[in-house]
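J.: based on what follows, work out the 3D shape:
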Amino acid sequence: MNPERSWGKAPRTGRRASPGPGRIRARISHSISKPDPGPSPGSSDTEMVRAAAKEFLELFHAENPKAGWMGPRLAAVMREIDLTGTYWHTPDELAFGARVAWRNNARCIGRLYWRSLQVRDLRTVSDARGVAGHCFDHLREAHNGGKIRPMISVFAPETPSRPAPRIWNEQLIRYAGYEQPDGRVLGDPRYRAFTTELIRRGWRQPDRTGAYDVLPLVVETVEEGPRMFELPVEAVHEVPLAHPELPWFADLGLRWHAVPVISNNRLVIGGISYPAAPFNGWYMGTEIGARNFGDTDRYAMVPEVAERMGLDTTDETSLWRDRALVEINRAVLHSFNLNGVTITDHHTESRRFLIHVEREERAGRQCPADWTWIVPPMSSSQTPVFHRYYSPDLQLPNFFTDPAATHRSLHGTPPAFHRSGF
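T.: Numbers count the residues shown, from 1 in each chain. Reported below is the predicted structural model:
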């Protein structure tokens with residue numbers, strides 16, 4: 001899974017090697033940015049749901065011959081849609097749809113393992129406390145003693161008569177960002193506005209604030225409004241960072257959480273929308289080292305590490321930034337491995353992704369991929385994913401990041417059905 005974006009720009013085609021025989025050429029239009037095709041709350045447009053359901057059931061039965069003939073199931077689903085405007089996936093359909101949504105996720109480099117996704121069917125859970133409690137269970141189970149399990153927890157779906165629960169946080173575990181009097185930020189600057197909003201709404205931050213204070217989980221339902229839940233200590237597994245050759249690195253006090261559970265994406269399967277469906281794979285090292293600790297608008301550790309390394313930071317041609325960034329990333333990989341926590345490096349994962357692409361092509365399927373997310377943010381040209389094109393075409397089932405959900409995750413702005421404060 002790739003919870004952190006790799007790049008901010010699309011490639012310039014003049015700099016890429018021409019794709020060889022059988023390679024998929026990129027298109028200018030990035031259809032992965034299309035809005036969520038799922039039905040909106042209260043929608044009476046059953047035709048869209050009927051068409052999406054039929055398409056999904058055709059896919060399900062084509063890839064699952066043991067499910068038998070599609071006819072009776074399709075007829076039952078159409079009757080249910082006509083009566084209620086929606087329908088209920090069988091457990092097998094839900095599990096298949098969630099795994100295929102991962103397979104179709106153009107922003108994820110780790111899709112080679114899509115069949116291993118463990119699906120927790122929690123569709124009967126719709127209250128805020130229940131959602132939060134199961135999210136904490138998800139963190140414990142996915143951690144698995146450091147042997148990270150790819151996992152998704154699917155909560156109540158959106159229906160024409162009732163909005164589904166939503167999770168405000170981008171990931172189940174995110175660190176607070178406290179704005180200081182001098183304008184600097186203690187913690188993660190990305191969550192400065194979100195932290196400020198939660199404090200305004202009544203969150204009591206620790207008496208002694210630090211750079212790695214875990215933000216509460218915010219779950220919103222139409223009946224209860226948004227509610228905050230502190231994450232249990234035993235559900236938050238963190239890795240302290242040390243370097244294999246630089247003893248002073250541990251004195252920086254850096255650490256990061258072990259399980260990246262993306263929690264503000266909407267899962268859409270056969271016309272049914274699941275706004276609360278947190279899911280995880282495991283980290284690729286550059287997501288932590290190059291982005292979370294390297295970005296100038298995040299923890300921005302490159303200058304300090306470079307100075308401690310004794311590098312000349314007055315001359316850009318010394319490539320001090322690059323040298324420091326490599327050592328930060330070495331520390332991340334070393335520390336996760338030392339603590340027995342699953343992680344992968346960008347070179348290995350790039351090769352594995354192309355294995356996935358080849359498998360998909362052999363199966364007669366197109367593998368959608370967004371170059372700007374697939375290509376690692378460090379040593380990009382040294383990875384094989386850099387040197388080819390991909391199709392960005394949207395395929396369903398899939399995950400969608402609603403603009404409103406992203407804004408809410410960063411700024412604490414309530415969604416349309418918000419009714420009350422904390």
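J.: and the strands in the stretch 51-200 of the chain?
T.: Taking DSSP state E, counting those that start in this stretch, the strands of the stretch 51-200 of the chain run over residues 118-121, 151-154, 166-167, 177-179, 185-187.
J.: which parts of stretch 48-65 are buried?
T.: Across stretch 48-65, burial judged by 16 or more other C-beta atoms under 10 Å covers V49, R50, A52, A53, K54, F56, L57, L59, F60, H61. To be clear about C-beta, it is placed using only N, CA and C from the backbone, and glycine gets the same treatment.
J.: so can I have a markdown table of those residues showing pLDDT and distance to D297?
T.: A markdown table is the format used below for those (pLDDT from 0 to 100; distance: C-beta to C-beta, whole Å):
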| residue | pLDDT | distance to D297 |
| --- | --- | --- |
| V49 | 97 | 41 |
| R50 | 97 | 45 |
| A52 | 98 | 38 |
| A53 | 98 | 42 |
| K54 | 98 | 45 |
| F56 | 98 | 39 |
| L57 | 98 | 45 |
| L59 | 98 | 40 |
| F60 | 98 | 42 |
| H61 | 98 | 47 |
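J.: now, the most widely separated pair of these?
T.: V49 and H61 (18.2 Å; C-beta to C-beta).
J.: shaky segments in the protein?
T.: 1-44, 413-422 (pLDDT under 70).
J.: for it, just list every one of the helices.
T.: 46-63, 71-84, 91-103, 128-143, 192-200, 285-286, 302-308, 320-338, 346-362, 371-374, 403-411 (DSSP state H).
J.: was I right about S116 contacting P150?
T.: Yes - counting by C-beta atoms under 8 Å, S116 touches P150, with 5.5 Å between them.
J.: out of those two, which sits in the busier spot?
T.: P150 (21 against 12; other C-beta atoms under 10 Å).
J.: next up, the contacts around F279.
T.: If you count contacts by C-beta atoms under 8 Å, 6 or more residues apart in numbering, F279 has them with 1, 98, 102, 117, 150-153, 261-262, 265, 267, 399.
J.: now the residues you listed as JSON lines including distance to S380?
T.: Listed next are those as JSON lines, based on distance: C-beta to C-beta, whole Å:
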{"residue": "M1", "distance to S380": "19"}
{"residue": "A98", "distance to S380": "30"}
{"residue": "W102", "distance to S380": "24"}
{"residue": "L117", "distance to S380": "27"}
{"residue": "P150", "distance to S380": "25"}
{"residue": "M151", "distance to S380": "29"}
{"residue": "I152", "distance to S380": "29"}
{"residue": "S153", "distance to S380": "33"}
{"residue": "V261", "distance to S380": "26"}
{"residue": "I262", "distance to S380": "23"}
{"residue": "N265", "distance to S380": "25"}
{"residue": "L267", "distance to S380": "30"}
{"residue": "F399", "distance to S380": "24"}
